[in-house]
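J.: Quick one, what's the 3D model for this:
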Amino acid sequence: MNRMQRLTLGALALSLMVGLSACSGMSTQDRNTALGAGAGAVGGSVLTGGSTAGTVGGAIVGGVIGHQVDDDDD
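T.: This is a model prediction of the structure:
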């Protein structure tokens, strides 16, 4: 992994952590959507070598999956 990819991945991780600090007032479904989008963006970026399309596509897919996760505490 070259230096630019590591910097991009680090920036994405930092943005995710800072963004999630505002999740205290979110519903569980909203939080799952945000977590899924963040994880999908990082995964898409890594899998496509930092491609913008891969990052955005990963965020979309991850957000949809996170939105569909059902947290049954029964």
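J.: Give me the distance between residue 39 and residue 3.
T.: 23 Å (CB to CB, to the nearest Å). The way it works is simple: take the backbone N, C-alpha and C, and place the C-beta from them, glycine included.
J.: which of these two has more neighbours?
T.: Taking neighbours as other CB atoms under 10 Å, residue 39 and residue 3 compare with residue 39 leading, 17 against 7.
J.: Listing request: residues of the chain with sub-threshold pLDDT.
T.: 1, 20, 22-24, 71-74 (pLDDT under 70).
J.: Grab the longest helix from it for me.
T.: In the chain, assigned by DSSP state H, the helix with the most residues is helix 28-47.
J.: Need the contact partners of the next helix-or-strand element following that one.
T.: Toward the C-terminus, helix 28-47 is succeeded by helix 52-68 as the next helix or strand (DSSP states H and E). Residues from elsewhere that reach helix 52-68 (CB atoms under 8 Å, 6 or more residues apart in numbering): 12, 29, 32-45, 47-48.
J.: cool, and stretch 32-46?
T.: For stretch 32-46, the surrounding residues in contact (CB under 8 Å, 6+ apart) are 8-9, 12-13, 16, 19-20, 23, 26, 51, 54-67, 69, 71.
J.: Just the buried residues of the residues you listed.
T.: Using 16 or more other CB atoms under 10 Å as the burial test, the contacts of stretch 32-46 include 8, 12, 16, 54-55, 57-59, 61-63, 65-66 as buried.
J.: Whichever of the contacts of helix 52-68 end up buried, select them in PyMOL.
T.: To isolate in PyMOL the members of these that are buried, counting by 16+ other CB under 10 Å, one can use:
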select buried, resi 12+32+33+34+35+36+37+38+39+40+41+42+43+44+45
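J.: Grab the most central residue of this protein for me.
T.: Nearest to the geometric centre of the chain sits residue 38, at 0.9 Å (CA atoms, centre = their mean).
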